[in-house]
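Engineer: let me see the structure of the following:
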Amino acid sequence: MKKITRLLALLAALILIATACGSGTSTEDADDAGDVAAPETEETEETEEPAEETTTTQIQTGGDAESDTTLQIWTFGATGLEPLMDEWAAENGVSIEIKTSDFAAHHEGLLTALVAGEVPDIAVVEVGFSSLFKTSPDQFVDLRDYGADDLAPNYVDWRWDHGVSADGSVIGLPTDVGGLALAYRWDKFEAAGLPTDRDEVAGLWTSWEDFLDVGEKYVADTGEPFIDDIGVLYSTLGAQGGERYFGGDGSLIYDSSEKVKSDFDLAAEAGVRGISANLAGFSGEWNAAMAEGGYAVQLAPAWMMGYIQSNAPDTSGLWDITTLPESGGNWGGSQLTIPAAAPNPELAYDLISTVLSPESQIKVFVENGNFPSTIDSYSDDALLSFENPFFNDAPVGEIYADAILNLDPVFEGVEEQTIADAFASALDRVEVGELSPEEAFQVALEEIQLELDR
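Structural biologist: Numbers count the residues shown, from 1 in each chain. Just a heads-up that it's a prediction; the model follows:
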């Protein structure tokens, strides 16, 4: 109970910080916003944040409608797995009930449910929260009891590790990975006199400094923003790999990390140079600008493709996908977990191991854009040959596979979201001219220390 009480205290702090953030977007805001359905919205000066506790419940019935067995599944956003879950239910003669909540409300509700013992059969946990939940492995079924060790070789090793606790127990199986690339409006590039071919666009920048230079010239020539938000840029830089907030041994290094400082400085410079539209990620304004061409470049984890297609359907064919400056990276992903008090753990394990198989994950990618976490998928022709017509027939299977295979994974610790959100909030203050980059960085360090000392 002490561990769970600590988790609740940590989550309360995370929620408090998240609601205070403006445009900064971290892993908590996205992936699995990432998995592409109703987005959460963050508070900005222009809009009022809707109640995060709002939830919707979707009932899917498989097999015999009179079945006495119903599996309850709690998630946020859409995972892209829902049709496969429905197929599994039909084949196994059971019913499934999918409860969808806003991002923060979902994770908070799961923690509360673990304390009360009133849990679903399956719960989705986003990677930014995996390290938090892994501190209480006793609250989840150890999936090794059902043969999960045999599945481990199927998955990218660092994604598998997101579901493995310090004691070796496996609390969850990986869904997708958020391989990083760059989506751009080729029509806007053409109007600005820039190359439109994806290989030529990639050649515009060998470094992020080059990227800022191109953005500054674009703004000068067009009078329009180049990117959506410097918080999204900061999250992307951090997701490109390497030690960031934590060392490989789990020690806190956020205040001495050269990567954190360089990422912050570059994102802040983008704000100072005025290349951003200063839009809160996943806000109503951000959604509208994406659909209306309010900016030219969207830094894009694989799941962002599905978001763009869903949010801006009239822009089909006007986007393309190319590689990021410097390297690939990963932003997002989730685990499917089974709480220890789940009523139907054996059925639940059969469901999650089936829908997360390599074959199933390739199908989800082709249909929804969520990129597989299964390693053999990256050499499968069905994935490598896939071209997305919405994105000008870009070879997205090949692009995102390269992004994942050429990255240095980031170690994420228990305080991940607390730290990320403090830096994102500080960048907001740079973007609106309230603080200099140097002042904002120090403010972030002070706020993080206060939260960690609680």
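
Engineer: hang on, Gln361 packs against Val177?
Structural biologist: No: judged on C-beta atoms under 8 Å, Gln361 makes no contact with Val177 at a distance of 9.6 Å. Quick note: C-beta positions are derived from backbone N, CA and C, even for glycine.

Engineer: shared neighbours, those two?
Structural biologist: Pro372, Ser373 (C-beta atoms under 8 Å, 6 or more residues apart in numbering).

Engineer: could you find the closest non-adjacent residue to Val119?
Structural biologist: With sequence-adjacent residues excluded and distances taken as C-beta to C-beta, 6 or more residues apart in numbering, Val119 is closest to Pro339, at 3.7 Å.

Engineer: quick one, phi/psi of the one you found?
Structural biologist: With angles defined as degrees, to the nearest 10, Pro339 sits at phi -60, psi 150.

Engineer: wait, what's in contact with it?
Structural biologist: When contacts are counted by C-beta under 8 Å, 6+ apart, Pro339 is found next to Leu110, Ala113, Leu114, Val119, Pro120, Asp121, Ala123, Gln139, Phe140, Val141.

Engineer: do you know how far it is from Ala426?
Structural biologist: Going from Pro339 to Ala426 by C-beta to C-beta, to the nearest Å gives 36 Å.

Engineer: re the thing from before, the contacts of Pro339, buried ones only, as a ChimeraX selection?
Structural biologist: To isolate the buried ones among the contacts of Pro339 in ChimeraX, judged by 16 or more other C-beta atoms under 10 Å, type:
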select :110,113,114,119,120,121,123,139,140,141
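
Engineer: from the contacts of Pro339, pick the one nearest Gln309.
Structural biologist: Of all these, Gln309 sits closest to Ala123, with 26.9 Å by C-beta to C-beta.

Engineer: ok, that closest one touching Leu110?
Structural biologist: Yes: between Ala123 and Leu110 there is a contact at 5.2 Å, judged by C-beta under 8 Å.

Engineer: overlap of the contact sets of the two?
Structural biologist: Trp74, Pro339.

Engineer: show me what counts as buried in the helix or strand hosting Val214.
Structural biologist: Assessed by DSSP states H and E, Val214 sits inside helix 208-222. For helix 208-222, burial by neighbour count (16+ other C-beta under 10 Å) applies to Trp208, Phe211, Leu212, Val214, Gly215, Glu216, Lys217, Tyr218, Val219.

Engineer: need those in TSV (columns: pLDDT and distance to Thr374).
Structural biologist: As requested, these are exported to TSV (pLDDT from 0 to 100; distance: C-beta to C-beta, whole Å):
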residue	pLDDT	distance to Thr374
Trp208	98	31
Phe211	98	31
Leu212	98	36
Val214	98	35
Gly215	98	36
Glu216	98	41
Lys217	97	41
Tyr218	98	38
Val219	98	41
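
Engineer: in CSV: these, plus distance to Met305.
Structural biologist: Formatted as CSV, the buried residues of helix 208-222 follow (distance: C-beta to C-beta, whole Å):
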residue, distance to Met305
Trp208, 22
Phe211, 20
Leu212, 24
Val214, 22
Gly215, 22
Glu216, 27
Lys217, 27
Tyr218, 23
Val219, 25
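
Engineer: between these, which is closest to Arg159?
Structural biologist: Using C-beta to C-beta, the buried residues of helix 208-222 come closest to Arg159 at Trp208, 25.2 Å.

Engineer: what sits against the closest one?
Structural biologist: Neighbouring residues of Trp208 by C-beta under 8 Å, 6+ apart: Leu237, Leu266, Pro325, Glu326.

Engineer: let's go with 10 Å and repeat that
Structural biologist: Counting by C-beta atoms under 10 Å, 6 or more residues apart in numbering, Trp208 makes contact with 233, 236-237, 240, 262-263, 266-267, 269-270, 324-326.

Engineer: now the buried members of those.
Structural biologist: Leu233, Thr236, Leu237, Gln240, Asp263, Leu266, Ala267, Glu269, Ala270, Leu324, Pro325.

Engineer: start to end distance for stretch 234-248?
Structural biologist: This stretch, stretch 234-248, spans 21 Å end to end (C-alpha to C-alpha, to the nearest Å).

Engineer: I should have written stretch 331-338 there, sorry.
Structural biologist: 24 Å.

Engineer: just use 69 as the starting number from now, easier for me
Structural biologist: Sure thing, new numbering starts at 69, so read that last one as stretch 399-406.

Engineer: for that stretch, what does the pLDDT average out to?
Structural biologist: In this model, stretch 399-406 has a mean pLDDT of 94.

Engineer: the contacts of Pro407 in helices, which ones?
Structural biologist: Of the positions in these, Leu178, Ala181, Leu182 sit in helices, assigned by DSSP state H.

Engineer: which one of these is nearest Leu272?
Structural biologist: The nearest member of the ones in helices among the contacts of Pro407 to Leu272, counting by C-beta to C-beta, is Leu178 at 43.3 Å.

Engineer: can you pull the domain assignment for this protein?
Structural biologist: Structural domains annotated on the chain: 70-245+401-444, 248-398+479-501, as defined by automatic domain parsing.

Engineer: for the contacts of Pro407, give me TSV that also has pLDDT.
Structural biologist: Listed next are the contacts of Pro407 as TSV, based on pLDDT from 0 to 100:
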residue	pLDDT
Leu178	96
Ala181	95
Leu182	95
Val187	97
Pro188	97
Asp189	98
Ala191	98
Gln207	96
Phe208	98
Val209	98
